[in-house]
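Student: The following comprises the amino acid sequence and a computationally predicted model.
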There are 2 protein chains.
Amino acid sequence: MELQEAKKQFIAAWGSFGSNWGINRTMAQIHALLLVSADPISAESIMEALNISRGNANMNIRELINWGLVERVVQAGERREFFIAEKDIWVVARTIMRERKKRELEPMLRFLDSVKNVEGGGNEKEIAVFTNTVEGIRKFGGQANQSLESLLKAEENWFVSSLIKLIR
Amino acid sequence: MELQEAKKQFIAAWGSFGSNWGINRTMAQIHALLLVSADPISAESIMEALNISRGNANMNIRELINWGLVERVVQAGERREFFIAEKDIWVVARTIMRERKKRELEPMLRFLDSVKNVEGGGNEKEIAVFTNTVEGIRKFGGQANQSLESLLKAEENWFVSSLIKLIR
DNA sequence: TTTTTCTTTCAGAAAATACTGAAAGATTAA
DNA sequence: TTAATCTTTCAGTATTTTCTGAAAGAAAAA
């Protein structure tokens, strides 16, 4: 397959993949474009490559920067800003895990904590089911949280670290 | 907190949590409602509890059944259908993992495979970057796929199985 | 068979989300 | 300072997604 065609397909695929995971298509496409670009790219080029407006490009680039997936780079003698994405997929994955953990998992755990004690007007069975379900989710989520924590601090953990080296 | 209020909050939270993960709010809410219900519920009750239309309820229930998260149950002497959700969160998590693996991860891996060999009109550096990125993702995804496979077949794998027992 | 009760479908409506483009804001150069 | 170049913002628009409700379909009861 020819390079430009392959890139195009990759960008499209990454875009639709992203939208399955709560990430908007354009953001995923910009990320994909940067992932397969050898050199830093200007906002202008991104707009052209993906056929999107200035505002759209700006917004989604900013969001990618917020996520820590993309960086601004200043090129010598250039006034414009350029953008580049982290290409080590392990670093990318860890960045995403860290962010989602912080933005979603932890708030959810706090919420479950706040809702775990219910007093009931009589119906003991209903209360038991509610409490058990919430407790189950809390346990599971807490475990996931800890596992992620270990994974993200892998350097400090010889066991996880060696597991990762094995598969990397 | 009072049970009904707690349920309500749980349903709302689960709904907005779901939408961060590409699952529509109503579907997640129906799932939540069933998760915290002691007994099977009719379509009618779901419509009332969540204030949604018949069509909407029907569609999202069907989708939950497709995912394997919800089951129809027939109650003796009742003509209507009732619905119930699996409550063991580990089973729920495994069901979701299995489905997403099948629906998203595996197709993505097949796609990456199809796009890994690019021939280039000259620009070797560009080709190298593309190839490396795609290969990195492929490796990572393949590894994730295998790990999930092991997890899902945990019964057959003493090591994973014992890990899970530890934390369960 | 006809009636009743429940389920499914789907065209159109509503709501949510994403995008555009022009204008304002910044920053550097002249 | 003024001009030139680039970035950011945001009100309005477009697109996508989700939902409604009425009608058709199915299955059991009469």
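Tutor: The structure has been received and is ready for your questions.

Student: How much space separates the nearest residue to residue A:94 once chain neighbours are set aside from DNA strand C?
Tutor: Nearest non-adjacent residue to residue A:94, counting by CB to CB, 6 or more residues apart in numbering or on different chains: residue A:152, 6.0 Å away. Quick note: C-beta positions are derived from backbone N, CA and C, even for glycine. Separation of residue A:152 from DNA strand C (CB to the nearest atom of the strand, to the nearest Å): 26 Å.

Student: My read is that residue A:152 contacts residue A:99, right?
Tutor: No. Using CB atoms under 8 Å, residue A:152 is not in contact with residue A:99; the gap is 10.7 Å.

Student: Can you name the residues that contact the nearest residue to residue A:75 once chain neighbours are set aside?
Tutor: Nearest non-adjacent residue to residue A:75, counting by CB to CB, 6+ apart: residue A:82, 5.6 Å away. For residue A:82, the contact set (CB atoms under 8 Å, 6 or more residues apart in numbering or on different chains) comprises A:40, A:41, A:42, A:72, A:73, A:74, A:75.

Student: List only buried entries from the residues you listed.
Tutor: Among the contacts of residue A:82, those classed as buried by neighbour count (16 or more other CB atoms under 10 Å in any protein chain shown) are A:40, A:41.

Student: Looking at the contacts of residue A:82, which has the smallest pLDDT value?
Tutor: Least confident of the contacts of residue A:82 in the model: residue A:75, at 89.

Student: Now do the phi/psi pair for that residue.
Tutor: Backbone geometry at residue A:75, expressed as degrees, to the nearest 10, gives phi -100, psi 140.

Student: correct me, but it touches residue A:42?
Tutor: No. If you go by CB under 8 Å, residue A:75 and residue A:42 don't touch, sitting 9.1 Å apart.

Student: for chain A, what spans make up the helices?
Tutor: Applying DSSP state H to chain A gives helices spanning A:3-19, A:25-35, A:43-50, A:54-67, A:89-100, A:106-114, A:124-152, A:158-167.

Student: What residues sit buried inside the fifth one?
Tutor: Neighbour counts using 16+ other CB under 10 Å place A:89, A:92, A:94, A:98, A:100 of helix A:89-100 among the buried residues.

Student: Also the first one?
Tutor: Under the neighbour-count criterion of 16+ other CB under 10 Å, helix A:3-19 has A:3, A:6, A:7, A:10, A:11, A:13, A:14, A:15, A:17, A:18 buried.

Student: Please report the distance of the residue lying closest to residue A:128 once chain neighbours are set aside from DNA strand D.
Tutor: By the measure of CB to CB, 6+ apart, the closest residue to residue A:128 outside its immediate chain neighbours is residue B:38, 7.8 Å from it. According to CB to the nearest atom of the strand, residue B:38 and DNA strand D sit 25 Å apart.
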